[in-house]
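S.K.: following is a predicted model, sequence given first.
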Amino acid sequence: MPLLRSLQLSFLIYLWLLPVPNTIHASEIERLLAGATPPEGVVFEIVEDDFDDLTWAIPQTRSYIERLRQRFPGLDIAVVSHGAEMFALKHTDRKLFLPMHQQVESLHDQGVDMHVCGTYAQWQGDDTSDFPAYVDVAPSGPAQINQYLEMGYTLIRIDEP
């Protein structure tokens, strides 16, 4: 069983490293903001290996969302978290990460979809019921991102500051 999990994780990492059209790193967001026309939509990808990484990644992502929406009102935006950091979004960790949960809930109220990876959650013994209503448990984080890319969204990978 550990070999199977190792292979599954290796495959997900492989998928994450593949070059994807319409992908930019957060450091290139100025180029997107300087564009004359808005993208079809934007999907932010967060993949980190520390449980508490959303404490910096969500505020950073939120600041980008605010700037994008100021420049392009009504822009469709989503966030996909599919690394160890996604587990900080569980019900059981709301008190521990209250400011971050409040920011995610606020983004949800503003029409930003927040997704986590159901496959990774399942590997850890979690399911949809372990996450609050403002977090969508997608069947697969990479597949969710691919759905957005098929709709013409631009992928922005969030990098640690």
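M.R.: Perfect, thanks for sending it. Numbers count the residues shown, from 1 in each chain.

S.K.: what's near enough to touch the most centrally placed residue in the chain?
M.R.: Computing the C-alpha centroid of the chain and ranking residues by Cα atoms, centre = their mean puts residue 80 first, at 2.3 Å. By Cβ atoms under 8 Å, 6 or more residues apart in numbering, the contact list for residue 80 reads 43-46, 115-117, 138, 141, 144-145, 148. All C-beta spots, glycine's among them, are computed from the backbone N, C-alpha and C.

S.K.: what's the separation between residue 139 and residue 115?
M.R.: Distance, residue 139 to residue 115, using Cβ to Cβ, to the nearest Å: 10 Å.

S.K.: so the two - more neighbours on which side?
M.R.: A count of neighbours by other Cβ atoms under 10 Å puts residue 115 above the other of residue 139 and residue 115, at 23 against 11.

S.K.: for the more buried one, name its beta-bridge partners.
M.R.: residue 80, residue 136 (DSSP bridges).

S.K.: can you pull the contacts of it?
M.R.: 78-81, 135-138, 141, 144.

S.K.: ranges for the strands of this protein?
M.R.: Taking DSSP state E to define them, one finds strands in the chain at 23-25, 42-46, 77-81, 113-117, 136-138, 154-157.

S.K.: quick one: the third one to strand 113-117, angle?
M.R.: Put plainly, it is strand 77-81. Between strand 77-81 and strand 113-117, the angle comes out at 20 degrees (axes from the mean of the first three to the mean of the last three Cα atoms, to 10 degrees).

S.K.: isn't residue 39 right next to residue 151, touching?
M.R.: No. Counting by Cβ atoms under 8 Å, residue 39 does not reach residue 151; the two are 10.6 Å apart.

S.K.: select the longest helix from this protein.
M.R.: helix 54-71 (DSSP state H).

S.K.: give the rounded mean pLDDT of that helix.
M.R.: Taken as a whole, helix 54-71 carries a mean pLDDT of 95.
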